[in-house]
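Novice: Need the 3D shape of this:
(chains A and B)
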Amino acid sequence: MNDDATPGGGSGDAGGSGDEILRLEGLEVHFPIRFGFLDAILRRVHGVVRAVDGIDLTLRRGEVLGLVGESGSGKTTTGRVVVKLTKQTAGSIRLDSRDVTSLWGTRALRAYRRRVQLIFQDPYETLDPKHTIRQFVMEPLVVNGIGTKAEREQRVLDALDAAGLRPAADFAARYPHELSGGQRQRVVIAGALVLGPQIIVADEPVSMLDVSIRTELLRLMLDLRAERGLTYLFITHDLSLAWIIADRIAVMYLGKIMEIGPAERVIRSPQNPYTRALVSVSPTPEPPSPGERAKRTILVGETPDAAHIPAGCRFSPRCPSVFDRCRVEEPPLIDVGDGQASACWLAEGGRRLPVVDGAAPDAGPAPGSSTA
Amino acid sequence: MTVTTAAERRARARPRLAVEGAPLLEVENLTTHFRLDSGVVRAVDGVSFRLDEGEALGIAGESGCGKTTTALSLIRLLPANARIVDGTVKLFGIDLVAKSDNALRRYRWREISIVFQGAMNALNPVHRLREQIAEPLVQRLNVSPREARRRAGELLELVGIPKKRGSAYPHELSGGMRQRAMIAMALACDPAIVIGDEPTTALDVMVQAQILELLEDLRHKLGLSLILITHDLSVIAETCDRVLIMYAGKVAEEGTVHEVFRRPRHPYTQKLLSAFPNIHADRRTLDVIPGSPPDLRNPPPGCRFAPRCPFAMAVCTEVVPPETTFDGVRVACHLYPAGSDGAPVTVPTADAIAAGGARP
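Specialist: Next up is the predicted model:
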């Protein structure tokens, strides 16, 4: 069990031949700030929340792209734009080289969402307590008018089976309260699978669950990718989950991508001070030795609000490596080689971020591996 | 400063009934049942542990293992259908289980306080922070409202919230700030023990690190005794001295964090640790725990983990494993019978290792 179906498939471009399935270019989502009804009528605006502030992102066929960021980083908004639940204010979206930027309207969106599906975070809220599992999973088929009654039933059972809810017929007749949290999230996954999508946007799909159940669901997601050739945009605040499942990782902060690259490179050799701080505080089940605590970089304060984005590099007020230029000029994503890029002036000219003593964590021993 | 320091705490007045020389907290054979229409759920089934002054104990396990019920049983903050049916909870030698609800009230918040998980739900949305923190001081310690508000300001500063933010309402604060306010509230009456029930679970990783650092800081500054309830082993690794691993209402393993996390003995502990997504480890080592915890209305005979255990032997499905102690680690597993030297009795076969992935 430990050897087969290993999560995290491999390094770099596992599964992806490199051809794009989805491309976001210059994507912006700005929300106007209005106070009350009068502002709405008069179209008066008191400011702008720049939730997503100009990002380029490519999703390669068959890959898992981990989109990592804290609350307020714009990761969820990005995911909602990809499934077209939120309208972008600028930029373009291409699906399979076709421009879908201005694709709106019920019928067009139905067709789009057969190919791009969303899994939400909270399986307790996603499922209607009064509906059976069958009703929940079948709903997209009914809405889209797909298949006869018998065909729908078969597709529901297939989806439940694929999501590991076996025997499927037994689970189909149950209600949500009869299921555990892990099983509920499997139902949500089955609901996303039933239309046979190509891309699944998973927004914190395991964050509500126990740590011990998380790994099972991550494995399921990877198995489904292998069986059905799915592509995932995996959104999470937890870098260690992205580490387990993602082929590539993009780190967002205040609406911008700070660093992107193969998971192995972003985690083992982060080139942006923000990523480095996130890696350093990432939870591990190993008790720290006395000197280890000092190696962590706990950033002071919290992510500023997206209506007041700092000038220059948006991370500069909290950055431990800040210098003069950062406060006035915003760094673009700078290529540092091996498919990795960092939005940091320290990475300019192909330079690598200087290795601060102990800041780049080595691969420690696996938990339990030292057991005699 | 009205907040006591570690040295002052040791000299701090104990409750009048305190037994001389008794440990801070001693829980023995605690058994809590829930009554449902469909039967009796044995949520906590004979749990024993102790907490010494200034110590931090982590209680870990999956959902439904009884860790929260154990904590709530200490001060009987239980739902109406739950009842402590056996065991003792001795605080300074005073048995709290025997106390009437009214008598117990003297101990809640003043001696044992709780930081709950969802700070948004636990704080009152229509009261300003300062009022909420001052309230227990007025109610429990008979402090004047004016003095209570002054102290509330100090408590806010202590947990890293500027005093002037005390006039804010909970919704005006970020998740991390709300959790800090909850901690300030739990510290208000200067309790002997603070229980944290998943205190960082809903927070971002960076904010979680900030809160854990704060707890660590407060512990050393104030000499707090902590009980942390969480499913997240990293939180315990970070902040606790000792850890109690629970499974299906029973203690699986207990010992120092250093010993248990570096050399887990119980197969369940081994599984929990190897299923933890760890950024500093190779991502291929990730393990899963097959199956799910048993129905506690009708737990399996013998060891409750046996149906999921890669090393289960015939005896495991028949006899409840007794708790044995080696090198300060308490384990309830037939692999470690009393009188042995602490090494597992059977060397797991290659098959079992392949099937289970654990490395005992």
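Novice: switch to C-alpha atoms for all contacts and neighbour counts from now on
Specialist: Noted.
Novice: what number of residues lie near residue 38?
Specialist: With no chain named, the answer covers chain A. Using other Cα atoms under 10 Å in any protein chain shown as the criterion, A:Leu38 is surrounded by 10 other residues.
Novice: switch to chain B, that's the one I care about
Specialist: The number of residues packed near B:Ser38 is 7, by other Cα under 10 Å.
Novice: Ramachandran coordinates for it?
Specialist: As for B:Ser38, its main-chain torsions (degrees, to the nearest 10) stand at phi -90, psi 0.
Novice: B:Ile84 too?
Specialist: B:Ile84 has phi and psi values of phi -80, psi 120 when expressed as degrees, to the nearest 10.
Novice: In contact with it, which residues?
Specialist: The contact partners of B:Ile84, taken as Cα atoms under 8 Å, 6 or more residues apart in numbering or on different chains, are B:30-33, B:73, B:97.
Novice: For the closest residue to B:Pro337 other than its chain neighbours, give the beta-bridge partners.
Specialist: With Cα to Cα, 6 or more residues apart in numbering or on different chains as the measure, B:Thr324 is the residue that lies nearest to B:Pro337, at 6.8 Å, once sequence neighbours are left out. Each beta-bridge partner of B:Thr324 is listed here: B:Val331, as defined by DSSP bridges.
Novice: one step back: out of the contacts of B:Ile84, what pair is the most spread apart?
Specialist: With distances taken as Cα to Cα, the most widely separated pair in the contacts of B:Ile84 is B:His33 and B:Val97, at 14.0 Å.
Novice: Find the centremost residue of chain A, please.
Specialist: Centroid-nearest residue in chain A: A:Ile235, 1.5 Å away (criterion: Cα atoms, centre = their mean).
Novice: neighbouring strands for the one helix or strand it maps to, and are they parallel or not?
Specialist: Here A:Ile235, judged by DSSP states H and E, is contained in strand A:231-236. Its sheet considered, strand A:231-236 pairs with strand A:64-68 (parallel), strand A:199-203 (parallel) by DSSP bridges.
Novice: Which residues does the last one contact?
Specialist: Outside strand A:199-203, the residues within contact range by Cα under 8 Å, 6+ apart are A:76, A:79, A:82-83, A:115-121, A:192, A:230-236.
Novice: Restricted to buried residues, select these in ChimeraX.
Specialist: In ChimeraX syntax, the buried subset of the contacts of strand A:199-203 is picked out as below (16 or more other Cα atoms under 10 Å in any protein chain shown):
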select /A:76,79,82,83,115,116,117,118,119,120,121,192,230,231,232,233,234,235,236
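Novice: Can you tell me which helices and strands the one helix or strand B:Glu26 maps to packs against?
Specialist: Secondary structure assigned from DSSP H and E places B:Glu26 in strand B:25-36. Identification of packing neighbours for strand B:25-36 by 3 or more Cα pairs under 8 Å, 6 or more residues apart in numbering or on different chains; DSSP states H and E yields strand B:39-51, helix B:67-74, strand B:82-91.
Novice: What residues of the longest one count as buried?
Specialist: Using 16+ other Cα under 10 Å as the test for burial, strand B:39-51 gives B:41-48, B:51.
Novice: what's next to stretch B:315-332, contact-wise?
Specialist: Taking contacts as Cα under 8 Å, 6+ apart, the residues outside stretch B:315-332 that touch it are B:251-256, B:259-260, B:265-266, B:300-304, B:306-307, B:333-334, B:336-338, B:341-342.
Novice: Over to stretch A:23-33?
Specialist: By Cα under 8 Å, 6+ apart, the surrounding residues in contact with stretch A:23-33 are A:45-59, A:77, A:87-95.
Novice: touching chain A at all, the host helix or strand of B:Arg178?
Specialist: Here B:Arg178 sits within helix B:175-187, counting by DSSP H and E. No: if you take Cα under 8 Å from any Cα of the partner chain as the test, helix B:175-187 misses chain A, and the best it gets is 8.6 Å.
Novice: Over to stretch B:160-173?
Specialist: No: no part of stretch B:160-173 sits near chain A under the criterion Cα under 8 Å from any Cα; the closest distance found is 10.3 Å.
Novice: thinking again about what came up before, buried subset of the contacts of B:Ile84 as a ChimeraX selection?
Specialist: Here is the ChimeraX selection string for the buried members of the contacts of B:Ile84, based on 16+ other Cα under 10 Å:
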select /B:30,31,32,33,73,97
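Novice: residues touching A:Ile249, list them.
Specialist: For A:Ile249, the contacting residues are A:65-68, A:242, A:260-263, A:266, by Cα under 8 Å, 6+ apart.
Novice: how about JSON lines for these, with distance to B:Arg146, pLDDT and neighbour count added?
Specialist: Formatted as JSON lines, the entries for those read as follows, by distance: Cα to Cα, whole Å; pLDDT from 0 to 100; neighbours: other Cα atoms under 10 Å in any protein chain shown:
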{"residue": "A:Leu65", "distance to B:Arg146": "55", "pLDDT": "97", "neighbour count": "27"}
{"residue": "A:Gly66", "distance to B:Arg146": "52", "pLDDT": "97", "neighbour count": "29"}
{"residue": "A:Leu67", "distance to B:Arg146": "49", "pLDDT": "97", "neighbour count": "28"}
{"residue": "A:Val68", "distance to B:Arg146": "46", "pLDDT": "96", "neighbour count": "30"}
{"residue": "A:Ala242", "distance to B:Arg146": "50", "pLDDT": "93", "neighbour count": "27"}
{"residue": "A:Ile260", "distance to B:Arg146": "54", "pLDDT": "97", "neighbour count": "30"}
{"residue": "A:Gly261", "distance to B:Arg146": "56", "pLDDT": "96", "neighbour count": "24"}
{"residue": "A:Pro262", "distance to B:Arg146": "58", "pLDDT": "96", "neighbour count": "23"}
{"residue": "A:Ala263", "distance to B:Arg146": "55", "pLDDT": "95", "neighbour count": "28"}
{"residue": "A:Val266", "distance to B:Arg146": "53", "pLDDT": "95", "neighbour count": "24"}
